[in-house]
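Colleague: how does the following fold in three dimensions:
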Amino acid sequence: MSFKSALRGYTQKRLEEIEKADILLGVPCFNNQSTIEHVIQMLTHGLNKHYKGKRCVILVADGGSTDDTREVARDFEIKPWQEKIISIYRGPAGKGSALRSIFEAAEKLKASSVAMVDSDLRSITSDWVKYLLDPVLEQGFDFVAPVYLRHKYDGTITNNIVYNLTRTLYGQRIRQPIGGDFAISQKLAKFYTEQDVWNTEIARYGIDIWMTTTALTEGFKVCQSNLGVKIHDAKDPGAHLGPMFRQVIWTLFYMMEQKQAYWKTVKGSVSVPTFEHQIKTEPEEVKVNLAELIRQFKIGYRQFSPLWKEIFSANCLTEIQKNVKKGQKSFHLPTEAWVQILYELAATFHSWKQNRMQLLDVVTPLYHARVASFVRQTLEMSSAQAEELVEEQALIFEQNKDYLLNQWSAKEGGKVS
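Modeller: Numbering: from 1, shown residues only. Presented below is the predicted three-dimensional model:
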């Protein structure tokens, strides 16, 4: 079903009653009753601390939670001069539809700045509000991405795929393209709302990378702001991140097709303005089941290796096969091989016009292999040392961009089925 708006009638009426706001804070959520109160508490305190003279609205955009998320959000008392709306969005289930409702609300309220924070945050502080909004309100930026201090095994999809590809493709070093906590200008909120994606897969998943890529490629003024530690409901990549891998990489590759005229001409990368703040906290440890990652890879090899032989080059297959009989102590999929695998996969995705999600299902075990290799490589490293390794990997992605261009050209037009 197609929806012209993500806002239900009662939400639109409530927005009409409020009429106008300077700041809108949006919280997309689904079954977050244990964390939503803390998030709202930090938002209302932050607005009171830093923006007491402005008209402020907090919008909770819920996906039809079956727990008490909405009730908890409704019962928590914010500062009396602030407004709060608890809304169930309309549209395909997913964070994208929730954010669409926030963008539309911002347009109706003519809010000069909009910030969005995840609803499962346990480390959010009242200062996050200022860190996100000030670059928009005071510096004229259109898009503020977060920078976090994260444990080395929190964010494996970002560290091994999304940061590398976004930097290489679009030439700007946005460290957390799918961070989840952003701020945008009124102009960018309006632009997002007008895009014809809200009844597509983008509205279901991958919205964060779509937002980042759109801001980078459409001429908007982009920066980063350091929020410190991100503590949320982190997941063991061996047990939980297969679906997220498929969803995020689907959107990444889809955006590569949409923006290919842009990224084909980009060479190298540049840093983006980053606002640093004095934050003294340390990330929580994220446990990783290395044996399970390797087991998932080996199961995948037994199931899918005949298909991998059709998709990947001989060089990639050789590196993959080397690890089939290896255990934890010697398992290693080199970065150079991983770069080639991802670039060949992107080109294959481009050449396939159907069954694309099935293609990503087939290669998910290779993501497990890469994460296992990253874990092994960083076992004795601090999170800061692992961060240096991530930067080294990103440079290898950049240096091999010609390989991507060649693969893309070779497989263009559906030559691979």
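Colleague: now do the strands in the stretch 201-350 of the chain.
Modeller: Along the stretch 201-350 of the chain, the segments classed as strands by DSSP state E, counting those that start in this stretch run 222-229, 274-275.
Colleague: domain map for this structure?
Modeller: 9-275, 290-411 (automatic domain parsing).
Colleague: just those: most buried one?
Modeller: Of all these, domain 9-275 carries the top mean neighbour count, a mean of 20, counting by mean count of other Cβ atoms under 10 Å. For every residue, glycine as well, the C-beta is placed using N, CA and C.
Colleague: pLDDT on that one, on average?
Modeller: The predicted model gives domain 9-275 an average pLDDT of 94.
Colleague: that's a strand at A183, yeah?
Modeller: Yes: the assignment for A183 (DSSP: H, G, I helix; E, B strand; the rest coil) places it in a strand.
Colleague: stretch 164-177 spans what distance, first to last residue?
Modeller: Start-to-end span of stretch 164-177 (Cα to Cα, to the nearest Å) is 10 Å.
Colleague: so how far is it off the chain centroid?
Modeller: 12 Å (Cα atoms, centre = their mean, to the nearest Å).
Colleague: equivalent analysis for stretch 202-221, please.
Modeller: Worked out by Cα atoms, centre = their mean, stretch 202-221 lies 9 Å from the chain centre.
Colleague: swap in stretch 91-102?
Modeller: On Cα atoms, centre = their mean, the centre of stretch 91-102 falls 15 Å from the chain's centre.
Colleague: in CSV, list the strands of the stretch 201-350 of the chain along with distance to L188.
Modeller: Listed next are these as CSV, based on distance: least, Cβ to Cβ, whole Å:
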stretch, distance to L188
strand 222-229, 10
strand 274-275, 18
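Colleague: compare these and report which one is nearest to E16.
Modeller: Closest to E16 of those is strand 222-229 (Cβ to Cβ; 32.2 Å).
Colleague: other SSEs contacting the closest one?
Modeller: For strand 222-229, the elements it packs on are helix 127-137, strand 143-149, strand 274-275, judged by 3 or more Cβ pairs under 8 Å, 6 or more residues apart in numbering; DSSP states H and E.
Colleague: backbone torsions only: list them for the residue lying closest to S382 once chain neighbours are set aside.
Modeller: Setting aside the residues directly before and after it, S382 is nearest to K152 in space (Cβ to Cβ, 6 or more residues apart in numbering), at 7.7 Å. When quoted as degrees, to the nearest 10, the phi and psi of K152 stand at phi -60, psi -20.
Colleague: report the contact partners of K152.
Modeller: 286, 378, 381-383, 386-387 (Cβ atoms under 8 Å, 6 or more residues apart in numbering).
Colleague: need those in JSON lines (columns: secondary structure).
Modeller: Shown next, in JSON lines, are the contacts of K152 (three-state DSSP):
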{"residue": "V286", "secondary structure": "coil"}
{"residue": "T378", "secondary structure": "helix"}
{"residue": "M381", "secondary structure": "coil"}
{"residue": "S382", "secondary structure": "coil"}
{"residue": "S383", "secondary structure": "helix"}
{"residue": "A386", "secondary structure": "helix"}
{"residue": "E387", "secondary structure": "helix"}
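Colleague: from those, which single one is nearest G140?
Modeller: E387 (29.4 Å).
Colleague: quick one: the closest residue to the closest one other than its chain neighbours and I184, what's the gap?
Modeller: Spatial nearest neighbour of E387, chain neighbours left out: K152 (7.5 Å); criterion: Cβ to Cβ, 6+ apart. According to Cβ to Cβ, to the nearest Å, K152 and I184 sit 29 Å apart.
Colleague: repeat that for G327.
Modeller: G327 is 47 Å from I184, by Cβ to Cβ.
Colleague: out of the helices and strands packed on strand 222-229, which comes closest to F103?
Modeller: Of all those, strand 143-149 comes closest under Cβ to Cβ, at 12.7 Å.
Colleague: what sits up against the closest one?
Modeller: 115, 132-133, 135-136, 155, 174-177, 179-185, 188, 211-212, 215, 220-230, 274, 279, 281-283, 383.
Colleague: tell me the strands beside that strand, with direction?
Modeller: Using DSSP bridges, strand 143-149 pairs in its sheet with strand 182-185 (antiparallel), strand 222-229 (parallel).
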